[in-house]
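Q: requesting a structural model of the entry that follows:
(4 chains)
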Number of protein chains: 2
Amino acid sequence: MESRKNGHSKVLLGHLEQDILEALWKRGESSGREVFEGVSRDIAITTVLTVLERLVSKGLVEKKRGQEVNLFRCAYTREELAKKLSDEVFRSILGLSASAASAAFVNILADINPIELNRLESLIESKKKELELSGKDA
Amino acid sequence: MESRKNGHSKVLLGHLEQDILEALWKRGESSGREVFEGVSRDIAITTVLTVLERLVSKGLVEKKRGQEVNLFRCAYTREELAKKLSDEVFRSILGLSASAASAAFVNILADINPIELNRLESLIESKKKELELSGKDA
DNA sequence: TTGACATTCTACATTATGTAGAATATTATG
DNA sequence: CATAATATTCTACATAATGTAGAATGTCAA
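A: Here you go, the predicted model:
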């Protein structure tokens, strides 16, 4: 439903950027050509190389010289990247309305991965204990 | 720390857009000039008018003819907007790593508004019950 | 050495956002 | 009513992010 601006709908990273990271996570360290094949899109290989290069600039991908070709690999695991990207976005939305954001978060999590609801609950418990400790002398 | 691209650091809406929405939420229905004053920035009033107009295009602000001037107001409450904006972003990050995203969410919520942790917990409980019901015949 | 492939450079298109002057419309008032 | 003061709309530019890829150049193996 969400009225996407136009063609795009990127959120945190561009679509191609995401696909490239996905390919790298799946295949592990790979050459440019392998990444190109991994994303399997009808685009020129130079396009992939260019974006790969940009990801390197952003520090999201690491490049090193292999024997015959350059090799690329993600600088972060999915988890690490999720954490990195979360910060700004969560802060922004939670700042708008913590309650609404929380509700939305739970709804979406339930939709995507309901099992995680339990883990989320545990996380909250832990965090609460943590806060009690740090705040007990107030 | 987050290496901001350049000058910008927008997430979901531009800075000026956010400021304008804030001004509208604070003041309620307002004229263009009032919004301009509300955002109190050293920019031309037409800049505010332009962005206001764009927000109208995006459906985030409503415009109507007042007696002597046009009046603008937010089409959504903070809560509604937070919900609207959450969807895509949360889905994207949760899709990357539900566990990492959950952890980040809890950390940031605890930082911004710890009291909400309790509410979040309740939300999870409710959601879990809800899921049990819908899934009990599986 | 030379052809195939890899890498880098350069460049363009599109979209989003911030910015605002010019042009036009409207209103209040002398 | 004429007109100055405002308000509104139009048009336009700048910058950044992203996708896109051809041209130029580099490298390696047969």
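Q: and the residue nearest the centre of chain A, what element?
A: Closest to where the C-alpha atoms of chain A average out (Cα atoms, centre = their mean) is residue A:82, at 4.0 Å. In the assignment (DSSP states H and E), residue A:82 maps to helix A:78-96.
Q: what about the strands in chain A?
A: A:30-31, A:61-65, A:70-74 (DSSP state E).
Q: what helices or strands is the shortest one leaning on?
A: If you count contacts as 3 or more Cβ pairs under 8 Å, 6 or more residues apart in numbering or on different chains; DSSP states H and E, strand A:30-31 packs onto strand A:70-74. Backbone N, C-alpha and C define where each C-beta goes, glycine included.
Q: show me the domain layout of chain A.
A: A:15-74, A:78-135 (automatic domain parsing).
Q: now render these as a markdown table, adding mean pLDDT and distance to residue B:55.
A: Shown next, in a markdown table, are the domains of chain A (pLDDT from 0 to 100; distance: least, Cβ to Cβ, whole Å):
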| stretch | mean pLDDT | distance to residue B:55 |
| --- | --- | --- |
| domain A:15-74 | 97 | 25 |
| domain A:78-135 | 94 | 15 |
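Q: so who does residue A:60 touch?
A: A:13, A:17, A:21, A:74-76, A:81 (Cβ atoms under 8 Å, 6 or more residues apart in numbering or on different chains).
Q: swap that for residue A:131, sorry
A: Applying Cβ under 8 Å, 6+ apart, the residues near residue A:131 are B:110, B:114, B:117.
Q: ok so, going back, export the domains of chain A to JSON lines and append columns for distance to residue B:37.
A: Formatted as JSON lines, these follow (distance: least, Cβ to Cβ, whole Å):
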{"stretch": "domain A:15-74", "distance to residue B:37": "39"}
{"stretch": "domain A:78-135", "distance to residue B:37": "23"}
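Q: hey, which of those domains is tucked in deepest?
A: domain A:78-135 (a mean of 18; mean count of other Cβ atoms under 10 Å in any protein chain shown).
Q: the closest residue to residue A:125 other than its chain neighbours and residue A:52, how far apart?
A: Nearest residue to residue A:125 in three dimensions, chain neighbours excluded: residue B:121, at 7.8 Å (Cβ to Cβ, 6 or more residues apart in numbering or on different chains). Computed as Cβ to Cβ, to the nearest Å, the residue B:121 to residue A:52 distance reads 42 Å.
Q: check residue A:86 too.
A: Residue A:86 is 24 Å from residue A:52, by Cβ to Cβ.
Q: on that earlier part again, between the contacts of residue A:60, which is closest to DNA strand D?
A: Within those, proximity to DNA strand D (Cβ to the nearest atom of the strand) peaks at residue A:17, which comes in at 4.1 Å.
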